[in-house]
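Trainee: How does the following fold in three dimensions:
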Amino acid sequence: MLVKTHGAAVTGIDAIPITIEVDISRGIRFFMVGLPDNAVKESQQRIESVFRIYNYEWPGKRIVINMAPADTRKEGSAYDLPLAIGILAGDQQISDSIIGDYMMMGELSLDGSLNPIKGALPIAVRAQKEGFKGLIIPKANAREAAVVEELDVYGAENMQQVIDFLNGKPMLEKTVVDTHQEFMEGLHGCEIDFSDVKGQESVKRSLEIAAAGSHNLIMIGPPGAGKSMLAKRLASILPPMQLSEALETTKIHSVAGKLGGNTALLTQRPFRSPHHTISDVALVGGGTYPQPGEISLAHNGILFLDELPEFKRTVLEVLRQPLEDRLISISRAKFALEYPASFTLVASMNPCPCGFYNHPEKRCVCSPGVVQKYLSRISGPLLDRIDIHIEVVPVPFNKLAEAPTSEKSHEVRERVIKAREIQTLRYKKHPKIHCNAQMTSKLLAQYAVLDESGSMILKNAMEKLDLSARAYDRILKVSRTIADLEASESIKSHHVAEAVQYRSLDREGWAG
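Mentor: Numbers count the residues shown, from 1 in each chain. Predicted coordinates:
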């Protein structure tokens, strides 16, 4: 008897439907075709064990299983459930009347319980698009999948519950998640605040500009000056995510298996801080079994690289293309994938190996030329792609001893949101442009026009600092953001002057 069950394979951050065809006829052999990997092939032993637990018989017949489309590689153990149900239905041990109405995925334990799977959200999205009545998955993934509207999602704890449900016993309850309410409740849950940082007003100003225009930023300063503390608080002043951004970010974390057990929707912008020993594949994604890298896990959020010169040169250089294109293309012999990577890069570094070059009180002990050699670990093309360079100086004792007096995050965030609203209105005819950092050359010529005094300031800076054409564009983008924070329609000379000041590493004082 031929029976078909339905599952899905995750490629990139999307899923494609997989039809599992089970044909049971006279004979004694077991065949599984359709490019299954070893984890899929090993499902036979897990399924046989579960059948014994629940007193079902393994068919003593010829079993042929085809996983269509047959030219798409099937990976992982999440196919256990549809395979087991297909075998039972093909042997007429359970009813097959409603099997075709549901997509199902789940990994079986030897005792029949269902273990969590990766990619439940994109699988649910595909099930809804394909017109399935519902999706049956492990209970641990049910809330994650239930954010998809117009799809009945059933979470099962073990295979027997699924069998009873398919046999007409209403043993499974539909998981219901109010996506809008879940989204709204999680928007304002940041525990850290800008007011925790004492002093550093100039750095806070640069972080506000970075948040308002989604600009990349690097902080240079001695150890203990507060670089990491400031970077972590940037997330508290970023504008809240839109629902579409939250869904896309959740899909990425779902595919990577990074969602918590009871998490339905990621509502806070991600903050990723990989260690400097990270490999280039771990940063950009890929691998034998392709997974999103750290730059994709930071999508719609912040990628913080602490101690930037300590990262391997090859790792830093792979950042160039995603910083420009805001997605990462991974091409290998057997597959080609694209992962979104629209993140704000925040980096920090010491000015030299000892950490005290340009320190106002402590003396640098590095030998001549060492400072330049240390800075040269970061290539010019990568620095060109970082809009804002800011020096972080140590906070004096009298500032540290004062009671907190600086603005709270929600006050700064209100200004950032107003600036982003101006940009949203400005780029409403450009669906792929959402903020000033994403402006193309054509949009720069239209929206970043300088007056005569502003042009003269920028001309002098270009000649004195020997800046590249890309740095010229970056200064214009930052100038436009500073003007937006002041709700100014035009870019004034003081906006340009401030933007030029955020090119610390281009100045001669940092040449070693």
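Trainee: Can you check which strand is longest in the chain?
Mentor: As assigned by DSSP state E, the longest strand anywhere in the chain is strand 14-25.
Trainee: after it comes which helix or strand?
Mentor: Helices and strands here follow DSSP states H and E; after strand 14-25, the next one along the chain is strand 30-33.
Trainee: Give the buried residues for the helix or strand following that following strand.
Mentor: Remark: after strand 30-33, the chain's next helix or strand is helix 38-41, criterion DSSP H and E. Residues of helix 38-41 classed as buried by neighbour count (16 or more other C-beta atoms under 10 Å): A39, V40. Using the backbone N, CA and C atoms, a C-beta is placed for each residue, glycine as well.
Trainee: Need the contact partners of helix 38-41.
Mentor: M32, M67, K74, E75, G76, S77, Y79 (C-beta atoms under 8 Å, 6 or more residues apart in numbering).
Trainee: quick one: the fourth one and F311, what's the gap?
Mentor: I take that to be E75. Distance, E75 to F311, by C-beta to C-beta, to the nearest Å: 30 Å.
Trainee: sorry, back to before: closest one to S455 out of the contacts of helix 38-41, please.
Mentor: Nearest to S455 out of the contacts of helix 38-41 is E75 (C-beta to C-beta; 56.2 Å).
Trainee: Surely that closest one is in contact with Y289?
Mentor: Yes. Counting by C-beta atoms under 8 Å, E75 does reach Y289; the two are 5.8 Å apart.
Trainee: ok, those two, which is more surrounded?
Mentor: Taking other C-beta atoms under 10 Å, E75 and Y289 do not tie; E75 has more neighbours (19 against 10).
Trainee: quick one: contacts for that one?
Mentor: A9, D37, A39, V40, Y289.
Trainee: I192 too?
Mentor: K232, R233, A235, S236, S409.
Trainee: Skipping adjacent residues, who's closest to the first one in space?
Mentor: By that I understand K232. I192 (6.1 Å; C-beta to C-beta, 6 or more residues apart in numbering).
Trainee: Can you tell me which of the contacts of I192 is nearest A461?
Mentor: The closest of those to A461 turns out to be R233 (C-beta to C-beta; 29.6 Å).
Trainee: show me the contacts for the closest one.
Mentor: Residues counted as contacts of R233 (C-beta under 8 Å, 6+ apart) are I192, D193, F194, D196, V197, L207, S409.
Trainee: Return the distance of the host helix or strand of it from the chain's centre.
Mentor: If you go by DSSP H and E, R233 is part of helix 227-234. Computed by C-alpha atoms, centre = their mean, to the nearest Å, the chain-centroid distance of helix 227-234 equals 19 Å.
Trainee: Can you name the next helix or strand after that helix?
Mentor: Assigned by DSSP H and E, the successor of helix 227-234 is helix 243-255.
Trainee: moving C-terminal of that following helix, what's the next helix or strand?
Mentor: Of the helices and strands lying after helix 243-255 in sequence (DSSP H and E), the nearest is strand 271-272.
Trainee: Now rank the contacts of helix 38-41 by neighbours and give me the top one.
Mentor: Y79 leads the contacts of helix 38-41 on contacts (other C-beta under 10 Å) with 30 neighbours.
Trainee: Is it in contact with Q44, as I believe?
Mentor: No. Between Y79 and Q44 there is no contact under C-beta under 8 Å: 11.3 Å.
Trainee: got the contact list for the closest residue to S25 other than its chain neighbours?
Mentor: Excluding its sequence neighbours, the residue lying closest to S25 (C-beta to C-beta, 6+ apart) is R62, at 5.1 Å. Residues near R62 by C-beta under 8 Å, 6+ apart: I24, S25, R26, G27, I28, R29, F30, F31.
Trainee: And for H253?
Mentor: Contact partners of H253, counting by C-beta under 8 Å, 6+ apart, are L259, L266, P270, L297.
Trainee: What distance do you get for it to L327?
Mentor: From H253 to L327 the distance is 17 Å (C-beta to C-beta).
Trainee: now V177
Mentor: For V177, the distance to L327 - C-beta to C-beta - is 29 Å.
Trainee: circling back to that earlier point, please save the CA atoms from the helix holding R233 in CSV.
Mentor: Taking Å, rounded to 0.1, in the frame of the first residue of the first chain, the C-alpha atoms of helix 227-234 are listed here in CSV:
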residue,chain,number,x,y,z
LYS,A,227,34.0,50.6,25.9
SER,A,228,32.2,47.2,26.5
MET,A,229,29.8,48.8,28.9
LEU,A,230,28.8,51.5,26.4
ALA,A,231,28.4,49.0,23.6
LYS,A,232,26.0,46.8,25.6
ARG,A,233,23.8,49.8,26.3
LEU,A,234,23.5,50.7,22.6
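Trainee: how near is the nearest residue to M349 once chain neighbours are set aside to C366?
Mentor: With sequence-adjacent residues excluded and distances taken as C-beta to C-beta, 6+ apart, M349 is closest to L308, at 4.4 Å. L308 is 17 Å from C366, where distance means C-beta to C-beta.
Trainee: Between those two, which is the more surrounded one?
Mentor: The neighbour comparison of L308 against C366 (other C-beta under 10 Å) goes to L308, with 21 against 17.
Trainee: Might one say that that one is in contact with L375?
Mentor: No. Using C-beta under 8 Å as the test, L308 is too far from L375 to be in contact (10.1 Å).
Trainee: middle-most residue in this structure, spatially?
Mentor: L297 (2.5 Å; C-alpha atoms, centre = their mean).
Trainee: Okay, now the unreliable bits of the stretch 351-500 of the chain?
Mentor: Within the stretch 351-500 of the chain, the segments meeting pLDDT under 70 span 397-405.
Trainee: Just the helices from it, written as ranges.
Mentor: Per DSSP state H, counting those that start in this stretch, the stretch 351-500 of the chain has helices spanning 370-375, 380-384, 397-401, 409-426, 441-447, 452-465, 469-485, 493-501. These are given in chain order.
Trainee: Report the inter-axis angle for the fourth one versus helix 227-234.
Mentor: Pointing back at helix 409-426 there. Computed with axes from the mean of the first three to the mean of the last three C-alpha atoms, to 10 degrees, the direction of helix 409-426 lies at 60 degrees from that of helix 227-234.
Trainee: Which strands and helices lie in contact with helix 409-426?
Mentor: For helix 409-426, the elements it packs on are helix 201-213, helix 469-485, judged by 3 or more C-beta pairs under 8 Å, 6 or more residues apart in numbering; DSSP states H and E.
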